[in-house]
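after the sequence you'll find the predicted model.
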Amino acid sequence: MTQKKIRIILASLAFFCFCSAPVFAQKSRQQLEKEKKENVDKMGEIRAILKQTSSQKKVSLGQLRALNQQINTLNRKIELLNDDLSLMGNELEELDAANKTLNKELEKLKVEYASMIYAASKRNTSLTQLSFLFAAPTFNQFAIRYKYLQQYSKARQKQIGQMKNVQGMLVAKQKNITTKKKDQQSALTTRVSETENLQKLKTVQNTVVKQLSGKESELRRELVEVKRANDRLESNIVRLIEREIRERREREKRERDVRERIERDRIAKEKEQRERERAEKKVEPAVAEKKDEPEPKAEPKREPEPTTGGMTEEEFTLASSFAASKAHLPWPVRTGFISGHFGVHKHPTLERATVENMGVNIQTNAGEAVRSVYDGVVMDVTNISGMNSIVAVQHGDFYTIYAKLRTVSVREGQKIKARDAIGTVTTDKDGVSEMQFQIWKDTNKLNPEKWLTPR
């Protein structure tokens with residue numbers, strides 16, 4: 001085997017052993033580890049929230065929602081463990097394949113080296129290196145033979161080094177296989193344990209559902225109260241937004257009137273200037289039009305100015321920036337989960353009952369700070385029965401609503417930045433700490449889950 005061929009084989013082996021895993025697999029491993037960490041963090045948050053709701057003597061819908069969320073995250077953890085086991089299986093196959101390839105190439109190198117040693121021993125028995133050198137008929141032949149012996153010695157040393165490199169690769173690869181098998185066994189044990197935990201949680205969930213089913217009349221009363229509170233909140237929001245729209249329209253009309261008056265004054269001045277020029281020439285207007293003055297050119301059509309819907313330039317820029325932030329807005333609380341989705345949904349325990357939500361409910365920890373999701377101006381601070389304190393923030397023609405606040409730390413007309421604290425979440429009689437978050441575009445309700453950064 002030539003030295004060039006050996007170098008090519010070793011380079012290929014190094015590339016295969018350390019970089020052979022497909023790019024897709026490498027990215028999958030990184031993505032999987034990221035998702036596992038996010039899932040663990042989420043489980044920790046929900047566990048803390050569930051602990052607060054479970055500390056109350058009686059069961060509640062908040063406790064059921066936290067249990068449902070914990071079951072979902074545990075299911076997700078088991079799915080990720082299955083993905084991890086599948087990925088580790090692929091990685092072990094790749095490591096085994098690399099290990100076998102390395103063993104084959106090491107055997108080839110050993111055979112080549114043994115052949116080289118055997119050939120050298122045969123030469124040494126019949127002719128020593130010195131005899132070989134001094135048997136040269138000319139000095140040039142002597143130099144050529146000397147150079148040959150040097151290259152032969154270097155080749156042997158290099159081949160020894162190459163075999164050591166391959167052996168080192170083999171040791172590293174075998175260690176990786178051992179570690180990967182231990183990780184695989186650990187993941188299997190964890191999956192079994194988490195599956196048992198999932199069954200326990202489902203048992204608790206069934207118990208809570210049964211207890212809540214026995215409180216049907218109480219839950220129906222609460223449902224009616226929630227609907228009334230939502231209606232009052234919606235009425236208040238619509239009133240605020242319609243008032244703002246009227247003010248914008250009036251402002252837009254005033255600005256349009258000003259522009260039209262300026263345009264009329266400009267036309268009148270131009271006409272007055274032309275009449276003054278004709279008077280200075282002391283020529284009859286009719287004759288002058290025929291002899292001296294060209295046909296009046298039609299005034300170029302003016303493009304209509306872009307409308308901002310009555311918003312100021314600052315408000316228009318803010319609204320455009322808000323719209324561009326869809327799916328990237330920060331959450332109004334640092335920890336928590338969506339406990340009530342946007343739109344109309346079935347009640348979790350009552351048959352033939354539905355719940356309508358104008359935004360999303362976010363269940364979180366007691367006393368959690370509520371933050372603005374974007375720069376804006378506090379439009380209104382009020383209190384509505386069943387919704388506690390409410391803060392409305394304007395972002396041009398977009399509005400964000402933060403309801404069910406225990407305390408408020410902003411005032412009407414105040415300019416605020418994204419992530420500025422605006423209050424703290426309230427905790428109800430059942431120990432459930434939950435806020436409601438809404439987004440409006442003028443009088444149209446939007447789904448906040450499509451605007452918030454995914455969790």
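The structure has been received and is ready for your questions.

does anything pack onto the lengthiest strand in the chain? Which helices or strands?
Ordering each strand of the chain by length in residues (DSSP state E) puts strand 398-408 first. If you count contacts as 3 or more CB pairs under 8 Å, 6 or more residues apart in numbering; DSSP states H and E, strand 398-408 packs onto helix 216-281, helix 313-324, strand 376-384, strand 388-395, strand 421-425, strand 434-441. Quick note: C-beta positions are derived from backbone N, CA and C, even for glycine.

swap in 6 Å and give it another go.
Helices and strands touching strand 398-408, as assessed by 3 or more CB pairs under 6 Å, 6 or more residues apart in numbering; DSSP states H and E, comprise strand 388-395, strand 421-425, strand 434-441.

now V381: how far from F398?
For V381, the distance to F398 (CB to CB, to the nearest Å) stands at 18 Å.

so if I had to pick from these two, which one is more boxed in?
A count of neighbours by other CB atoms under 10 Å puts F398 above the other of V381 and F398, at 23 against 18.

spatially nearest residue to that one (excluding sequence neighbours)?
In space, and not counting its chain neighbours, F398 is closest to F322: 4.8 Å by CB to CB, 6 or more residues apart in numbering.

tell me who's in contact with the one you found.
F322 makes contact with 374, 395, 398 under the criterion CB atoms under 6 Å, 6 or more residues apart in numbering.

pLDDT of stretch 341-361, averaged?
For stretch 341-361, the mean pLDDT works out to 92.

no no, stretch 367-375
The model assigns stretch 367-375 a mean pLDDT of 97.

now stretch 47-64
For stretch 47-64, the per-residue pLDDT averages 79.

just the CA trace of it, in PDB.
The C-alpha coordinates for stretch 47-64 follow below in PDB (Å, rounded to 0.1, in the frame of the first residue of the first chain):
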ATOM      1  CA  ARG A  47     -46.100  22.000  39.500                       C
ATOM      2  CA  ALA A  48     -45.800  25.200  41.600                       C
ATOM      3  CA  ILE A  49     -49.100  26.500  40.300                       C
ATOM      4  CA  LEU A  50     -50.900  23.200  41.000                       C
ATOM      5  CA  LYS A  51     -49.400  23.100  44.500                       C
ATOM      6  CA  GLN A  52     -51.100  26.400  45.200                       C
ATOM      7  CA  THR A  53     -54.500  25.400  43.900                       C
ATOM      8  CA  SER A  54     -54.300  21.900  45.600                       C
ATOM      9  CA  SER A  55     -53.600  23.500  49.000                       C
ATOM     10  CA  GLN A  56     -57.300  24.600  49.100                       C
ATOM     11  CA  LYS A  57     -59.700  22.200  50.800                       C
ATOM     12  CA  LYS A  58     -62.200  22.100  48.000                       C
ATOM     13  CA  VAL A  59     -61.600  21.300  44.300                       C
ATOM     14  CA  SER A  60     -61.800  23.900  41.700                       C
ATOM     15  CA  LEU A  61     -61.800  24.400  37.900                       C
ATOM     16  CA  GLY A  62     -58.400  26.000  38.300                       C
ATOM     17  CA  GLN A  63     -57.000  22.900  39.900                       C
ATOM     18  CA  LEU A  64     -58.500  20.700  37.100                       C
END
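
for T382, list each beta-bridge partner.
I390 (DSSP bridges).

confidence score at it?
If you check T382, the pLDDT there is 96.

so it touches I390, yeah?
Yes - using CB atoms under 6 Å, T382 is in contact with I390, at 5.4 Å.

more neighbours: which of these two?
Taking other CB under 10 Å, T382 and I390 do not tie; I390 has more neighbours (23 against 15).

for the more buried one, give its distance to S186.
Remark: distance between I390 and S186 (CB to CB) = 49 Å.

list just the nearest of the contacts of F322 to K182.
Using CB to CB, Y374 comes nearest to K182 of those, at 47.8 Å.

any idea which element the closest one lies in?
For Y374, there is no host helix or strand (DSSP states H and E).

dihedrals phi and psi, the nearest residue to it once chain neighbours are set aside?
Closest residue to Y374 apart from its sequence neighbours, by CB to CB, 6+ apart: A418 at 5.0 Å. Main-chain dihedrals, A418, degrees, to the nearest 10: phi -60, psi 140.

just W331 next, same as before
The phi/psi pair for W331 (degrees, to the nearest 10) is phi -70, psi 150.

next, the buried residues of the longest strand of the chain.
Judged by neighbour count (16 or more other CB atoms under 10 Å), strand 398-408 contains these buried residues: 398-406, 408.

now for the residues you listed, which pair is the farthest apart?
The span of the buried residues of strand 398-408, defined through CB to CB, is set by F398 and R406 at 25.6 Å.

quick check: T354 touching P348?
No - counting by CB under 6 Å, T354 does not reach P348; the two are 11.0 Å apart.

okay, the two: which has more neighbours?
Remark: of T354 and P348, P348 carries more neighbours, 15 against 11, as counted by other CB under 10 Å.

so that one lies in a strand, does it not?
No - under DSSP: H, G, I helix; E, B strand; the rest coil, P348 sits outside any strand and is assigned coil.

that one and R65, how far apart?
Distance from P348 to R65, by CB to CB: 7 Å.
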